[in-house]
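Q: Mind looking at a prediction? Sequence and model below.
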Amino acid sequence: MSIQFKSITELRAMLDDKSISSSELIQESLQLAKKYKELNCFVTMNEKISVKKASSIDLNEKTNSTLSGIPLAQKDLFCTEGLRTTCSSKILSNFIPPYTATAVEKLEDAGSITIGKTNMDEFAMGSSNETSFFGNVHNPWKKGYVPGGSSGGSAAAVSAGIVPAATGTDTGGSIRQPAAHCGITGLKPTYGRVSRWGMIAFASSLDQAGPLARTAEDCAILLNAMSGHDSKDTTSLNSNVPDFLENINQPIDGLKIGIIKEFDISDLDTDVQACFEDSKKNYESLGAQFVEVSLPNISASVPTYYSIAPAECSSNLSRFDGVRFGHRAENTNDLNDLYIKSRSEGFGDEVKRRILIGTYALSAGYYDAYYKKAQQVRRLIKNDFDDVFKSVDLLMTPTSPNTAFKFGSKGTQNPVELYLEDLFTISSNLAGLPAISIPHGQVNSLPVGLQLIGNFLREDQLLNASHIFQKNSDFHLAKPNLEDF
Ligand code: GLN
């Protein structure tokens, strides 16, 4: 029986009743990765080690870990000991980390097997996976279309059924938007829920790791393993981690969902609007109530993010200087020349643009006008969320204003076109709140995502509301046909 498109829950049952061994499962997953090489989801495979780990799992008797023997893929910005970690950048194209990121380590300690590292936008900057040094990732639903970004490789690998789940990171939408474009489920947890240790930093006050999977239930399984306090990350939350799987099946009678007045859905493609209206009805029939709410400062989210994120990135990326690790230019005259040439050769255009904007926003004389101002507006946005969560449990928006688009069709003349892709996702990063994207329809054979935003640390409510939706619909079961790959 093929393992392609199976969920973790289904694979667990197959492993437990011995209809498949972990070795067979890993072999099949690696085979699928080879078969769909043209999708370009993976930057580096981890074949030898994964085969070895699978056979040692097979030799050990019974496990009580749901993830034991399950293949996963990791976004290529999680450091993995002994396994190349590139951030899809030339500057790190030969970097082999000496340690493993906490989030990955926790997943591996739970018995899961990392079969490879997934392609992404360079340093997670992008919404289409077109900024990768290793080339575009195709959307499994349509060749030549973007998978979304920056976790495009992870989303495409799950969508194509190569692995049941993968890790991603989300600074302004990079888990949810590719999940939406590839027709899968993706969760950005509360800031601090998952340790950032060993995750190569883009914008440290916004970055958060989370799962991409076929179902909300599988996201809960991954989140259970990934979450928890880590003394190696000073921003990691020291709060109780509930069992996200345990409470996933609660009725949603009386659940109050807010619709954000400032997001004008009628501006969107009519088919995307129709999916949204249908999902509202669907939730109503399940017992939820909708109320209109106002977040007066939310329209400032995109400019606020595009001041803060580049500022933090310009500081974080200063460590890539050609001296300590990564690409080093040859034939340089002196130290300054080495810095300049290594960085000029090593970074792609979008990363350079962000470093320039960020350095400018942080420079003397402009700091107050841009960075400090953006942080003040960020606080106002956070306050707006605090206010609305006094009267609603969740907020609901589309994940993305549109479906996946063709390679090269957006942002080439004006990068702001691509920045606006994250219109609906960015505000929850600014406020540190959890949010999820679930599939809820298709337009022109391309998936459409629905976003739910939760209150601080209420991933349980997001996962529950998503699971109940998925129990009562079959959008998450739709599969790409992949015949062009
Ligand atoms: N698209 C946004 C950006 O380019 C968000 C990326 C992300 O979440 N990593 O910054």
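A: Looks like it arrived, so ask away. Keep in mind that this is a model prediction, so the values were computed, not measured.

Q: per-residue confidence averaged over whatever helix or strand residue 154 lives in?
A: Applying DSSP states H and E as the criterion places residue 154 in helix 152-159. When pLDDT is averaged over helix 152-159, the result is 98.

Q: What are the buried residues along the helix or strand just after that helix?
A: Counting by DSSP H and E, the next helix or strand C-terminal to helix 152-159 is strand 165-170. By 16 or more other CB atoms under 10 Å, the buried positions in strand 165-170 come out as 165, 166, 167, 168, 169, 170. (Each C-beta comes from the backbone N, C-alpha and C, glycine too.)

Q: Please apply the same query to stretch 133-142.
A: 133, 134, 136, 137, 138, 139, 140, 141, 142.

Q: Which residues lie in contact with the second one in this structure?
A: Residues near residue 134 by CB atoms under 8 Å, 6 or more residues apart in numbering: 40, 43, 86, 88, 119.

Q: What residues does the fourth one make contact with?
A: When you say that, I think you mean residue 88. 43, 76, 119, 120, 121, 122, 123, 131, 132, 133, 134.

Q: do you know how far the fourth one is from residue 308?
A: This means residue 120. 21 Å (CB to CB, to the nearest Å).

Q: So between those two, which is more surrounded?
A: Using other CB atoms under 10 Å, the more surrounded residue of residue 120 and residue 308 is residue 120, with 34 against 25.

Q: So which residues on the stretch 101-250 of the chain come close to the ligand?
A: For the stretch 101-250 of the chain, the residues in contact with the ligand (CB under 6 Å from any ligand atom) are 124, 125, 126, 127, 150, 170, 171, 172, 173, 174, 202.

Q: try 5 Å this time
A: Applying CB under 5 Å from any ligand atom, we find that the stretch 101-250 of the chain lies next to the ligand at 124, 125, 126, 127, 150, 170, 171, 172, 173, 174.

Q: Sort out which residues of the worst-scoring helix or strand of the chain on mean pLDDT are buried, please.
A: Taking mean pLDDT, DSSP states H and E as the measure, the chain has helix 416-419 as its least confident helix or strand, at a mean of 92. Neighbour counts over helix 416-419 (16+ other CB under 10 Å) mark 418, 419 as buried.

Q: okay, among the contacts of residue 134, which ones form the most distant pair?
A: 40 and 86 (13.5 Å; CB to CB).

Q: In the stretch 351-485 of the chain, which residue sits nearest the ligand?
A: residue 422 (4.8 Å; CB to the nearest ligand atom).

Q: show me the contacts for the nearest residue in space to that residue that is not next to it in sequence.
A: Spatial nearest neighbour of residue 422, excluding adjacent residues (CB to CB, 6 or more residues apart in numbering): residue 173 at 4.1 Å. Taking CB under 8 Å, 6+ apart, we find residue 173 in contact with 127, 399, 400, 421, 422, 424, 425, 426, 429.

Q: Can you tell me what sits against stretch 247-259?
A: 216-217, 220, 280, 283, 286-293, 388, 391-397, 452, 460-461, 463-465, 467-468, 471.

Q: again, but for stretch 349-363
A: Counting by CB under 8 Å, 6+ apart, 89, 121-123, 125-126, 131, 306-307, 309-315, 317, 347, 366-367, 370-371, 374, 415 sit against stretch 349-363.

Q: Got the confidence number for residue 364?
A: pLDDT at residue 364 comes out at 89.

Q: CA atoms only: put the helix holding residue 154 into CSV for me.
A: Provided in CSV are the C-alpha atoms of helix 152-159 (Å, rounded to 0.1, in the frame of the first residue of the first chain):
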residue,chain,number,x,y,z
GLY,A,152,7.7,26.7,0.1
GLY,A,153,9.8,23.5,0.0
SER,A,154,8.2,22.1,3.2
ALA,A,155,4.7,22.9,2.0
ALA,A,156,5.3,21.4,-1.4
ALA,A,157,6.8,18.2,0.1
VAL,A,158,3.8,17.7,2.4
SER,A,159,1.3,18.6,-0.4
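
Q: tell me the angle it makes with strand 165-170.
A: 150 degrees (axes from the mean of the first three to the mean of the last three CA atoms, to 10 degrees).

Q: tell me which strands and helices helix 152-159 is in contact with?
A: In terms of contacts (3 or more CB pairs under 8 Å, 6 or more residues apart in numbering; DSSP states H and E), helix 152-159 is packed against strand 42-45, strand 71-75, strand 113-118, strand 165-170, helix 176-182, strand 208-213.

Q: Which stretch among the ones you listed is buried most, on average?
A: helix 176-182 (a mean of 35; mean count of other CB atoms under 10 Å).

Q: distance between it and the chain's centre?
A: Once both centres are worked out by CA atoms, centre = their mean, to the nearest Å, helix 176-182 turns out to sit 8 Å from its chain's centre.

Q: which other helices and strands contact it?
A: Against helix 176-182 (3+ CB pairs under 8 Å, 6+ apart) you get helix 152-159, strand 165-170, strand 185-188, strand 435-443, strand 446-454.

Q: Can you list phi and psi of the closest residue to residue 432 other than its chain neighbours for me?
A: Of all residues not flanking residue 432 in the chain, residue 191 sits nearest, at 3.6 Å (CB to CB, 6+ apart). With angles defined as degrees, to the nearest 10, residue 191 sits at phi -60, psi 130.

Q: wait, what's in contact with residue 191?
A: 205, 206, 208, 235, 429, 432, 433.

Q: so who does residue 439 touch?
A: 180, 183, 184, 185, 447, 448, 449, 450, 475, 476, 478.

Q: Could you count how many residues lie near the fourth one?
A: What it means is residue 185. Applying other CB under 10 Å, I find that residue 185 has 29 neighbouring residues.

Q: and it, what are its bridge partners?
A: residue 213 (DSSP bridges).

Q: Hmm, residue 179 and it touching each other?
A: Yes: with contacts counted by CB atoms under 8 Å, residue 185 reaches residue 179, the gap being 6.0 Å.

Q: how much space between residue 218 and residue 358?
A: Counting by CB to CB - residue 218 and residue 358 are separated by 36 Å.

Q: just checking, what packs against the one helix or strand residue 385 maps to?
A: In this structure, residue 385 sits in helix 373-388 according to DSSP H and E. Using 3+ CB pairs under 8 Å, 6+ apart, the elements in contact with helix 373-388 are helix 301-316, helix 426-431.

Q: Could you give me the buried positions within it?
A: Per 16+ other CB under 10 Å, helix 373-388 contains these buried residues: 373, 374, 377, 378, 381, 382, 384, 385, 388.

Q: where does the stretch 1-150 of the chain dip in pLDDT?
A: 61 (pLDDT under 70).

Q: At which residues are the helices of it located?
A: Counting by DSSP state H, counting those that start in this stretch, the stretch 1-150 of the chain has helices at residues 8-16, 22-35, 47-59, 102-109.

Q: which residues touch residue 202?
A: Contacts of residue 202 (CB under 8 Å, 6+ apart): 77, 123, 124, 125, 169, 171, 309, 312, 313, 316.
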